[in-house]
Each structure stands twice: as structure tokens, then as C-alpha cells.
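1. Need coordinates for the following:
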Amino acid sequence: MDFKRDLRVALDEIDHVFQTDMEREFAQIEQAVSQARRIALHGVGREGLMMKALAMRLFHLGLEASVVGDMTTPHIGQGDLLMVSAGPGSFATIAALVNTAHAAGATTLCFSAVPDGQVPEACDIPIIIPAQTMANDQSAVKSILPMGSLYEAAIFLFFEFLILRLQRKLKTSAETMRSNHTNLE
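-> Below is the predicted model:
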């Protein structure tokens with residue numbers, strides 16, 4: 001096993017994910033986030049960890065962001081945004097949350113690798129990140145990274161650049177973000 005060779009392959013795979021122009025996707029998310037009264041985020045498994053990382057950074061920007069399942073997550077409705085990740089296109093729990101959010105009048109946004117998946121098709125704003133997920137890791141074109149790691153790494157990077165763009169749009173300083181960071185660690 002050659003670490004540097006494997007790293008180069010993995011970085012090339014991540015680079016390939018971002019070869020498509022994603023300007024429209026960033027603009028859609030920026031608009032939805034900046035218009036939202038409250039933002040609730042959810043994902044399952046490792047995708048859920050990436051969604052929690054995004055929730056934390058949105059909170060650092062001074063936005064009212066929470067993670068579905070936490071006891072402090074408020075009721076969402078009209079004017080709110082539910083952001084979910086369904087890399088393979090469908091998870092029963094996420095589909096149910098999207099239905100609940102729609103019934104309450106909230107806007108829904110889904111990150112997925114599968115444009116015609118059940119969850120992205122049900123959401124108001126589908127954002128497609130074209131990367132291997134656990135559901136398609138047995139295909140002919142296979143990432144060097146295991147299972148859904150390519151998708152998870154790609155959404156993490158996508159989220160970091162989204163936060164950078166939102167930080168600029170909202171004119172939020174690094175000092176303000178730092179002051180919103182917990183001091184209870």
C-alpha cells in the first residue's frame with residue numbers, strides 16, 4: 001500500500017466530483033439559507049455527521065440552525081428550511097421527515113448523488129453531488145475510498161465552500177463566528 005499514491009487517487013476522485021459547474025446549486029442554497037427563519041438539518045450514518053458539521057458552521061454564522069433529533073430542535077413550518085442528505089437517493093426516515101416538513105409548510109433541500117431518487121425528487125431544492133455512495137460502491141467505476149466515503153468527503157468540502165460563500169454574503173467576520181463557538185469544550 002502506497003499512501004501517497006492512494007492519496008493522489010482519492011484527491012483526483014474528489015476533484016472529478018467538482019468538475020461540473022455548481023454555481024447554480026450554490027446560488028440556490030445561499031438564497032434558501034438566507035431567507036430561512038430557522039434551519040433544521042438531518043442525515044443518517046456518516047452523512048449525518050457531515051450534516052451536523054454543516055449545522056455547526058451555520059450556527060457559527062449566527063443563523064438559527066439545529067440538528068433534527070436534538071431535544072432543542074424547534075418546530076419548523078412556514079419560512080423554515082429542512083436540509084437533508086440522502087446520498088443514495090432514499091432513506092425511509094429522511095423521506096418521512098421531508099413529508100412532515102412539507103406538511104408544516106417548510107421548504108426542503110436535499111443533497112444526493114442520485115437525481116431521480118425518491119428524496120431529491122420530493123424536495124423543493126435537490127442538490128446533486130455526483131459521487132459514489134454506499135449504494136453504488138459495487139459498480140464498474142469504483143472509488144479507491146470505501147463504501148460511501150467519496151460522497152461524504154465531497155459533501156464535507158462542498159459544505160465548507162458553502163459556508164465560505166455565506167460568510168461573505170452575510171458579511172460575517174471570523175471574529176463573530178469564533179464568538180458564536182461554544183466555550184464549554
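2. what's the lengthiest helix in the chain packed up against?
-> Counting residues, the longest helix in the chain under DSSP state H turns out to be helix 149-170. Secondary structure elements in contact with helix 149-170, counted by 3 or more C-beta pairs under 8 Å, 6 or more residues apart in numbering; DSSP states H and E, are helix 3-17, helix 23-35, helix 45-60. Any C-beta I mention is one placed from the backbone N, CA and C, and that applies to glycine too.
3. which stretch in those helices has the least confidence?
-> When mean pLDDT is averaged over each of these, helix 3-17 scores lowest at a mean of 92.
4. Name the residues of that one that are buried.
-> 10, 13-14, 17 (16 or more other C-beta atoms under 10 Å).
5. closest one to residue 91 among the helices and strands packed on helix 149-170?
-> helix 45-60 (8.8 Å; C-beta to C-beta).
6. between the closest one and helix 23-35, how many degrees?
-> Between helix 45-60 and helix 23-35, the angle comes out at 60 degrees (axes from the mean of the first three to the mean of the last three C-alpha atoms, to 10 degrees).
7. Output helix 45-60 as PDB, nothing but the C-alphas.
-> What follows is helix 45-60 as a C-alpha-only set of coordinates in PDB (Å, rounded to 0.1, in the frame of the first residue of the first chain):
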ATOM      1  CA  GLY A  45     -24.800   7.500   9.300                       C
ATOM      2  CA  ARG A  46     -21.700   9.300   8.200                       C
ATOM      3  CA  GLU A  47     -23.800  11.600   6.000                       C
ATOM      4  CA  GLY A  48     -25.500  12.600   9.200                       C
ATOM      5  CA  LEU A  49     -22.100  13.500  10.700                       C
ATOM      6  CA  MET A  50     -21.400  15.800   7.700                       C
ATOM      7  CA  MET A  51     -24.900  17.400   8.200                       C
ATOM      8  CA  LYS A  52     -24.000  18.000  11.800                       C
ATOM      9  CA  ALA A  53     -20.800  19.700  10.800                       C
ATOM     10  CA  LEU A  54     -22.800  22.000   8.400                       C
ATOM     11  CA  ALA A  55     -25.300  22.800  11.200                       C
ATOM     12  CA  MET A  56     -22.500  23.800  13.500                       C
ATOM     13  CA  ARG A  57     -21.000  26.100  10.900                       C
ATOM     14  CA  LEU A  58     -24.400  27.700  10.100                       C
ATOM     15  CA  PHE A  59     -24.800  28.300  13.800                       C
ATOM     16  CA  HIS A  60     -21.300  29.900  13.900                       C
END
